[in-house]
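A.B. asks: Can you look at this prediction? I've put the sequence above it.
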Amino acid sequence: MRQATRSRSALMSYLASATAAPSVHNTQPWLFHPHREGIDVYADRDRQLAVIDPDGRELTLSVGAAVFNLRLAMMRDGRLPQLRVAPDPDAPDLLARVVPGGPVRPSATVLALAGAVTRRRSNRGPFADLAVPVRVREELVAAAAAEGAVLVMTGPGGRRVVLGMVTDADRYWCADADYRRELAEWTRPAPGRRDGIATAALGPRSDTLPLRDLGLTRPDAVRPTATFEETSTIAVLYTADTPAGWLRAGQALQRVLLTATVRGLSATLLTQSLELDRLRDRLSDPATGRAAQAIVRFGFSRQTPAASARRPLSDVLTTG
Ligand SMILES: Cc1cc2nc3c(=O)[nH]c(=O)nc-3n(C[C@H](O)[C@H](O)[C@H](O)COP(=O)(O)O)c2cc1C
């Protein structure tokens, strides 16, 4: 009986960790099926963004971030997780099975990353004009490598190119009526709403940095225009361009974001340009087969951004 109670509370803590993951437009496009062996993680296709994510790439990254948190929670609990990617060819939406394996002593890194899961938040405000120390940049690169991905920290030239592409994409998307309709759906406030981007999380307007204007369809939301840092630290995350590569990218992204949190860094994703093939292809490298999966801005901020709500666990459980 005691064992059963323990397993239930362990399961709840695994799922709470998984659902704290970031997701595109806070769609939380995941479903979990706990069973005797472990936890099956499904894509919730009803929450896929048809306009900006017709292939489900960003959906899969989001699920990958949740899978990383699930693995991390198991490790913190002293269980070595075993991950099976796409374990059933007859169930294409079953993206991963995570099985808590034999006992393992959680490392200091695991404890630190697990402790950062609920502190990590997307920060869309201005950052200080301070360089990210080289040692921390190397740690972020190593965090991505530990999950089989490549994180490239851009220099001044690369940053200009990448931000130029994001600006280009931003202009394209803001002029697209379907984009605005989709964005409006995920930023429309409603009493008790626990997904999408809340008004408090929209962030200020920026004249200089091409952050995604999540308040584009919210003229009613009062948002100041802020002065942003002049030299942002911009990184691009790469993996193979397959569904398995996308899931890997999501896990690597989350490990990078949690590592940043542990080191006192804030982060924002700017993924607009990767939602247009013509721009995404320019950032990808056919020689290595690597494709750009995420663009992240890092920096220091004194502001604690508003937390974005998550759906209750009862909404994300499925029987498979
Ligand atoms: C694949 C992916 C793409 C994202 N793209 C953007 C983006 O372009 N702009 C942005 O501000 N946030 C972006 N986000 C962050 C989400 O909006 C954020 O994770 C979600 O609203 C939940 O908030 P939280 O990160 O504070 O928990 C992205 C997240 C993921 C996983």
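C.D. replies: Thanks, I have it. Bear in mind that the values here come from a model prediction, so they are computed numbers and not experimental data. Residues are numbered from 1 along each chain as shown.
A.B. asks: show me the residues around the residue of the chain found nearest the ligand that make contact.
C.D. replies: Closest residue of the chain to the ligand, CB to the nearest ligand atom: Pro22 (2.8 Å). For the C-beta atoms, the positions are set from N, CA and C on the backbone; glycine is no exception. Contacts of Pro22 were listed using CB atoms under 8 Å, 6 or more residues apart in numbering, and they are Ser62, Ala65, Arg120, Ser122, Leu253, Gln254, Leu257, Leu269.
A.B. asks: Please tell me I have it right and the last one contacts Val296.
C.D. replies: Same thing as Leu269. Yes - between Leu269 and Val296 there is a contact under CB atoms under 8 Å: 5.8 Å.
A.B. asks: how about the strands in the chain?
C.D. replies: Here the chain has its strands, by DSSP state E, at 30-34, 39-43, 79-85, 94-103, 150-153, 205-206, 225-226, 233-240, 266-269, 290-299.
A.B. asks: is it possible to export the ones you listed to TSV including mean pLDDT, mean neighbour count and distance to Arg212?
C.D. replies: Listed next are those as TSV, based on pLDDT from 0 to 100; neighbours: other CB atoms under 10 Å; distance: least, CB to CB, whole Å:
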stretch	mean pLDDT	mean neighbour count	distance to Arg212
strand 30-34	98	21	21
strand 39-43	98	22	22
strand 79-85	98	16	29
strand 94-103	96	19	25
strand 150-153	97	19	20
strand 205-206	94	14	10
strand 225-226	94	13	15
strand 233-240	98	23	14
strand 266-269	98	23	8
strand 290-299	98	24	11
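A.B. asks: so can I have CSV of those strands showing distance to Arg311?
C.D. replies: What follows is the strands of the chain, written out as CSV (distance: least, CB to CB, whole Å):
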stretch, distance to Arg311
strand 30-34, 10
strand 39-43, 14
strand 79-85, 23
strand 94-103, 18
strand 150-153, 30
strand 205-206, 29
strand 225-226, 30
strand 233-240, 26
strand 266-269, 20
strand 290-299, 23
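A.B. asks: and those strands as JSON lines, adding distance to the ligand?
C.D. replies: Shown next, in JSON lines, are those (distance: least, CB to the nearest ligand atom, whole Å):
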{"stretch": "strand 30-34", "distance to the ligand": "11"}
{"stretch": "strand 39-43", "distance to the ligand": "13"}
{"stretch": "strand 79-85", "distance to the ligand": "18"}
{"stretch": "strand 94-103", "distance to the ligand": "14"}
{"stretch": "strand 150-153", "distance to the ligand": "15"}
{"stretch": "strand 205-206", "distance to the ligand": "11"}
{"stretch": "strand 225-226", "distance to the ligand": "14"}
{"stretch": "strand 233-240", "distance to the ligand": "10"}
{"stretch": "strand 266-269", "distance to the ligand": "4"}
{"stretch": "strand 290-299", "distance to the ligand": "6"}
